[in-house]
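**Q** Please find the sequence and the predicted model below.
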There are 2 protein chains.
Amino acid sequence: MSLELTPVQTVACCSPLAREPLSEKEADGVAPLLKALADPVRLRLMSLVASHEGGEACVCDLNDAFELSQPTISHHLKVLHEVGLLDREKRGVWVYYKARTEALQNLAALIGGQAQ
Amino acid sequence: MSLELTPVQTVACCSPLAREPLSEKEADGVAPLLKALADPVRLRLMSLVASHEGGEACVCDLNDAFELSQPTISHHLKVLHEVGLLDREKRGVWVYYKARTEALQNLAALIGGQAQ
DNA sequence: CAAAGACATAGACACATGTAAATATTTACA
DNA sequence: TGTAAATATTTACATGTGTCTATGTCTTTG
């Protein structure tokens, strides 16, 4: 079973929220991304990875940052990976997650983009 | 019972995700905002209001944009209002919701802000 | 004051979600 | 080969969430 199972989604989308009404389809596409970020643990995970050297971090480092079970962290990382916010690479025994900066920036542009 | 019951929260927060790790407290503060946005219907509501003339819209207009019951729309608007993403004002029989642009922009800055 | 319209609240229900314990998988190394 | 370490998967469960129906509140107008 490969690590590439989960298809990497395109995270670009549409014009900013405030410019024109989001279509139902667009909203259905963006909501899962926000949902993935809309959890305190996942927010911190994303931040830990993104702010780490090279924008990537080993799971071993991440587990220690929380008082949560290892499977729980693994679950949250999977959620972030599945929506395309984190890339994943196995190196030896370790797995590294890497922040997808363009995805974050597209999301930010959607939310905060100026009208017109 | 006044319309001002729900306290208006400050939505500013912290340095961008990618700059330094979000603290637990910060994450707990931001997650509810993202959670509020992380629903297709609320995303469209937010977009409808924000992109509407003057950044505000009457509930009467919003109800018609969805094939959902009026209480359901009312519920979603309440969620967005409670986290400080929508302001609320009653004018005669009608209620107008207004987008809090700074809140959206703060959120965008948190998510998409450059490291360093 | 009564009736109608705009919106909110309450209650209920099906379904999603965060977490943990137990277990599996993969890799390195003795 | 066998054992240990790193990470993922499975299963289960309590709690949260989106939706509806029914009802309440407030405002305008006859």
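**A** Ah, there it is.

**Q** mind checking pLDDT for the spatially most central residue of chain A?
**A** By Cα atoms, centre = their mean, chain A has its centre lying nearest to A:Leu85, at 2.4 Å. pLDDT for A:Leu85: 98.

**Q** same question, A:Met1
**A** Taking A:Met1 on its own, its pLDDT is 32.

**Q** hang on, the earlier thing: how far away is the residue nearest to the centre of chain A from chain B?
**A** 10 Å (Cβ to the nearest Cβ, to the nearest Å). For the C-beta atoms, the positions are set from N, CA and C on the backbone; glycine is no exception.

**Q** I'd guessed that residue sits against A:Glu102; true?
**A** No. A:Leu85 lies out of contact with A:Glu102 (Cβ atoms under 8 Å); the separation is 10.4 Å.

**Q** Off-centre distance for the helix or strand hosting A:Leu62?
**A** Element membership of A:Leu62 [criterion: DSSP states H and E] is helix A:59-64. Here helix A:59-64 shows a centroid-to-chain-centroid distance of 17 Å under the convention Cα atoms, centre = their mean, to the nearest Å.

**Q** So whatever helix or strand comes next after that helix, near chain B or not?
**A** Beyond helix A:59-64 on the C-terminal side, the first helix or strand identified by DSSP H and E is helix A:70-82. No. Between helix A:70-82 and chain B, judged by Cβ under 8 Å from any Cβ of the partner chain, nothing touches; the nearest distance is 11.9 Å.

**Q** Pull out the buried residues from helix A:70-82.
**A** By neighbour count on 16 or more other Cβ atoms under 10 Å in any protein chain shown, the buried set for helix A:70-82 is A:73, A:76-77, A:79-82.

**Q** which intervals of chain A have sub-threshold pLDDT?
**A** Scanning chain A for pLDDT under 70 picks out A:1-12, A:116.

**Q** Can you pull the residues of it lying near DNA strand C?
**A** Listed as neighbours of DNA strand C in chain A under the rule Cβ under 7 Å from any atom of the strand: A:1, A:35, A:39, A:41-42, A:67-69, A:71-72, A:75-76, A:79, A:90, A:92-93.
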